[in-house]
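In: Structure here, sequence nowhere to be found:
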């Protein structure tokens, strides 16, 4: 099978029809195109842009993560009126995880549009899951800032409606499972803290510790804080049965 290759031009040099193509996929015509452009810039690309690109998508991703959680939380609250907070948390976590966001990004073919440094792209031209997921959340933020919650909600619910069951359940959420267990046993909510981080700014590895009732109970490592938190929760769940929750 012949591998498909894609020429990646800087977003400021891409023809108008290329941006139109992505907007068509998203289902929204941006009034402020700079939001869409910025949403596609990974921090590793800034040093290779020759100063032509000044901002990466991290700030947008921060907003998009919150908007995505709100939209899904609102939807689940209305759809499952009998669910407890813990059950709703589990449902939400099953559809807004890193793997699910990356899967939806691939459905939009964001790998054809996102700008990354050479070191962040494989020889086959692939883009890391975390980069795709962040770009997807950054686009949600762009929609929210350009068209309000209505535009963001329409896009999110459309993408979730097109998700396959395999995509929805792709990421087993250990954080949600640990939270439900702690609440069930009256232990309060677990909290997570970054103990240390290693590596360059665009490729950090985070070491995270989960704390239950003020006592460290599990450790995890990952390329993102969310991934490391999942690892810490998984580690904590593995200890339960061998040790009593604090």
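Out: Yep, that arrived. Just so you know, these numbers come straight off a predicted model, no measurement behind them.

In: Please spell out which residues along stretch 57-69 are buried.
Out: 57, 60, 61, 63, 64, 65, 67, 68 (16 or more other CB atoms under 10 Å). Any C-beta I mention is one placed from the backbone N, CA and C, and that applies to glycine too.

In: Helices - which of those residues land there?
Out: 60, 61, 63, 64, 65, 67, 68 (DSSP state H).

In: thought the fifth one was touching residue 136?
Out: Right, the one you point to is residue 65. No: taking CB atoms under 8 Å as the definition, residue 65 is not a contact partner of residue 136, at 10.1 Å.

In: what residues go with each domain of the protein?
Out: As assigned by automatic domain parsing, the chain contains the domains 11-168, 174-239.

In: want to throw the ones you listed into CSV with mean pLDDT?
Out: CSV is the format used below for the domains of the chain (pLDDT from 0 to 100):
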stretch, mean pLDDT
domain 11-168, 85
domain 174-239, 86
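
In: What segments of this structure are helices?
Out: 16-26, 33-39, 58-79, 85-93, 98-107, 129-161, 165-168, 174-184, 225-239.

In: Can you lay out those helices as JSON lines showing distance to residue 217?
Out: Below are the helices of the chain laid out as JSON lines (distance: least, CB to CB, whole Å):
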{"stretch": "helix 16-26", "distance to residue 217": "41"}
{"stretch": "helix 33-39", "distance to residue 217": "37"}
{"stretch": "helix 58-79", "distance to residue 217": "25"}
{"stretch": "helix 85-93", "distance to residue 217": "18"}
{"stretch": "helix 98-107", "distance to residue 217": "23"}
{"stretch": "helix 129-161", "distance to residue 217": "26"}
{"stretch": "helix 165-168", "distance to residue 217": "29"}
{"stretch": "helix 174-184", "distance to residue 217": "9"}
{"stretch": "helix 225-239", "distance to residue 217": "5"}
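
In: And the ones you listed: which comes nearest residue 193?
Out: helix 225-239 (9.4 Å; CB to CB).
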